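Asker: can't give you the sequence, but here's the structure:
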C-alpha cells in the first residue's frame, strides 16, 4: 500500500506520548524501549525533555539512531492506527519562542527544567511504517508539511485566538493542518482546512472552528467535537 506521510503527521499531532526505542548501552545488542511524552514542533518533529540520568538518554548519546511508536487512542488494540518512526534523536537548544511553545503544551515541564538535569532532544524522522487498519499499511519517507509557521508567528496567532476561545477552551497551538486545544483540561486536536496557505486564512479557519465549540465549563466533561 502506498502511504501518505500526511496521515502519519495527523497521528503524531493527535498524540502526546509514544514508545521510544534506543540501542542499549547496558545490554549491548538489545533494544531498550521507554514510554515518553513528546511535543511535536512546527515541522511535526517529536521533541523530548530528557534527564541526563535516564537510561534512554545515555543510549541516545551513544547512538542517535532510534524509533518511536505512536498509537491512536481510539479503537481496539489491533484496530488502532499507529506509526513507527525511525530517525536520529539529537540534543537541541530551543529558542525563547520554541521553549514557550513547548511549555504551552507541557507546563509541568517547567519544574523539570528548574532541576538543571534536563535538556531537550529532537527526533529527525527519516522513514515511517504506518498502519491505518486492516490491509492499510506501508512504508513512506518522512516529509515536512507544505506550509509551516515559525514559533514566533504561531505564538502571536495563539494570543489572538485565545481571545476568541469559548470558556473552558485553551488554545495551545495552530498549524496549517490543525488546531490544538485543551477543553476542560483534556487535550484535543482538530483538523483545519484554510482556503489558502496564508496566515490570514489560517487565522480565519481557526476562529471559525473555535466559534463552533460553544461554551464549556469544568463540569462539561469531554465533549465529542471531532
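Answerer: Thanks, I have the structure now. Here the structure is a predicted model, which means the values were calculated and not measured. Residues are numbered from 1 along each chain as shown.

Asker: okay, now residue 164: neighbour count?
Answerer: 16 (other Cβ atoms under 10 Å). Bear in mind the C-beta positions are built from the backbone N, C-alpha and C, glycine included.

Asker: next, it: phi, psi?
Answerer: Backbone torsions for residue 164, taken as degrees, to the nearest 10, come to phi -90, psi -10.

Asker: contact partners for it?
Answerer: 207, 210, 211 (Cβ atoms under 8 Å, 6 or more residues apart in numbering).

Asker: for residue 141, see how far away the last one is.
Answerer: Spelled out, that is residue 211. 38 Å (Cβ to Cβ, to the nearest Å).

Asker: all strands for the chain, in order.
Answerer: 17-23, 31-37, 39-40, 46-51, 65-71, 82-91, 118-133, 136-141, 169-175, 178-183, 186-191 (DSSP state E).

Asker: which positions in stretch 30-47 come out as buried?
Answerer: 32, 34, 36-47 (16 or more other Cβ atoms under 10 Å).

Asker: same check, this time on stretch 128-136
Answerer: Those would be 128, 129, 130, 131, 132, for stretch 128-136 by 16+ other Cβ under 10 Å.

Asker: tell me the confidence at the spatially most central residue of the chain?
Answerer: With distances taken as Cα atoms, centre = their mean, the residue of the chain nearest its centroid is residue 40 (3.1 Å). At residue 40, the pLDDT value in this model is 96.

Asker: same check, this time on residue 6
Answerer: For residue 6, pLDDT reads 90.

Asker: show me the contacts for it.
Answerer: 145, 177.

Asker: put together TSV for the buried residues of stretch 30-47, with distance to residue 154 on each row.
Answerer: Listed next are these as TSV, based on distance: Cβ to Cβ, whole Å:
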residue	distance to residue 154
32	34
34	29
36	23
37	20
38	18
39	13
40	12
41	10
42	7
43	12
44	13
45	15
46	17
47	14
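
Asker: farthest pair in those residues?
Answerer: Farthest pair in the buried residues of stretch 30-47 (Cβ to Cβ) is 32 and 42. Separation: 29.2 Å.

Asker: counting neighbours, what do you get for residue 2?
Answerer: 6.

Asker: quick check: the residue nearest to the centre of the chain vs residue 29, distance?
Answerer: Separation of residue 40 from residue 29 (Cβ to Cβ): 31 Å.

Asker: same question, residue 20
Answerer: Taken as Cβ to Cβ, the span from residue 20 to residue 29 is 18 Å.

Asker: okay, those two: which has more neighbours?
Answerer: A direct count of neighbours by other Cβ under 10 Å for residue 20 and residue 29 places residue 20 higher, at 26 against 6.

Asker: enumerate every residue touching that one.
Answerer: Contacts of residue 20 (Cβ under 8 Å, 6+ apart): 33, 34, 35, 36, 48, 56, 66, 67, 68, 89.

Asker: can you check residue 192 too?
Answerer: 174, 175, 176, 177, 178, 179, 202, 205, 206, 209.

Asker: could these go into JSON lines alongside distance to residue 108 and pLDDT?
Answerer: JSON lines is the format used below for the contacts of residue 192 (distance: Cβ to Cβ, whole Å; pLDDT from 0 to 100):
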{"residue": "174", "distance to residue 108": "22", "pLDDT": "96"}
{"residue": "175", "distance to residue 108": "23", "pLDDT": "95"}
{"residue": "176", "distance to residue 108": "28", "pLDDT": "94"}
{"residue": "177", "distance to residue 108": "26", "pLDDT": "93"}
{"residue": "178", "distance to residue 108": "23", "pLDDT": "95"}
{"residue": "179", "distance to residue 108": "22", "pLDDT": "96"}
{"residue": "202", "distance to residue 108": "28", "pLDDT": "95"}
{"residue": "205", "distance to residue 108": "30", "pLDDT": "95"}
{"residue": "206", "distance to residue 108": "25", "pLDDT": "95"}
{"residue": "209", "distance to residue 108": "27", "pLDDT": "93"}
